[in-house]
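**Student:** Give me a model of this one.
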Amino acid sequence: MSSAGHLEESLDGVDPALAAAVLEIESHIATGGWDQPARLYALVPTAELVEREPALAHAMGLDEAAEEGSFTPVEQDSIADADLERQLATIAWPPGVAGCAAVVERLVLPPEAEQAVLDDPDSAAAYARQHPDRQDVRIVAGATRAGATYCALRLRGADDDQSVLTGADLVPGLLALLRETLEDDEHAPGEDLP
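**Tutor:** Take a look at the predicted model:
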């Protein structure tokens, strides 16, 4: 994947570099179809990557012309889809990581069906899989150390680039978990990922 380009204008206070990175990840993932595992990305300032890791930057097709203010998504090792939220609680990013993004596919039910969901997670998952009005959704959510957030959602039932929903706060729970991984807490029990 190449670096996410810098968007010329801020959209309603949205960080354009973060929005570009999230949309780049969403577009890249969409080429692989559905039923993919969860993924986690470090968002590294492109200019810093070019300066500190010239060989890696060259291999990724980046050079000194990379725009200031853009992020390069760097995919991390595989994570278990069912454990994404739990694993995010154990992660602490090193200082060179300016942000992060997660990709996950989930089943979404209409509000009237959600009230019938059972407390047992296994029963709730089975109920959701069998519900006739379920929707498969792919979520790409990103956050930065500066506090910016951005999301892109693609429904399997409307699987085209023009139907991708975007916004700064579409998945508040996941965004909160991503922001927590970026907090500077010396006592965080998490892993330091590159």
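**Student:** Kindly provide the distance from residue 32 to residue 60.
**Tutor:** Note on residue 32: its distance to residue 60, by CB to CB, to the nearest Å, is 19 Å. Where you see a C-beta, it was placed from the backbone N, CA and C, and this is true even at glycine.
**Student:** Would you mind telling me which of those two has the busier surroundings?
**Tutor:** In this comparison of residue 32 against residue 60, neighbours counted by other CB atoms under 10 Å, the higher total goes to residue 60 at 18 against 8.
**Student:** Which residue, neighbours along the chain excluded, lies closest to residue 43?
**Tutor:** On the basis of CB to CB, 6 or more residues apart in numbering, the spatially nearest residue to residue 43 that is not a chain neighbour turns out to be residue 99, at 3.7 Å.
**Student:** Quick check: phi and psi at the one you found.
**Tutor:** Residue 99 adopts backbone torsions of phi -170, psi -180, taken as degrees, to the nearest 10.
**Student:** residues touching it, list them.
**Tutor:** Applying CB atoms under 8 Å, 6 or more residues apart in numbering to residue 99 gives the contacts 18, 21, 42, 43, 71, 142, 143, 144, 145, 148, 182.
**Student:** Lowest-confidence member of the residues you listed, which is it?
**Tutor:** Lowest in pLDDT among those is residue 71, which has 93.
**Student:** That residue touches residue 47, doesn't it?
**Tutor:** No. Look at residue 71 against residue 47 with CB atoms under 8 Å: they stay out of range, at 10.0 Å.
**Student:** who has more neighbours, those two?
**Tutor:** Neighbour count, other CB under 10 Å: between residue 71 and residue 47, residue 71 has more, with 32 against 18.
**Student:** who are the neighbours in contact with that one?
**Tutor:** Per CB under 8 Å, 6+ apart, neighbours of residue 71: 3, 4, 17, 18, 20, 21, 43, 44, 45, 46, 98, 99.
**Student:** for the helix or strand where residue 51 lies, which positions count as buried?
**Tutor:** Residue 51 belongs to helix 46-52 when assigned by DSSP states H and E. Going by neighbour count (16 or more other CB atoms under 10 Å), the buried part of helix 46-52 is 46, 47, 49, 50.
**Student:** Tell me the spacing between the closest residue to the last one other than its chain neighbours and residue 39.
**Tutor:** Spatial nearest neighbour of residue 50, chain neighbours left out: residue 57 (4.4 Å); criterion: CB to CB, 6+ apart. Separation of residue 57 from residue 39 (CB to CB) stands at 21 Å.
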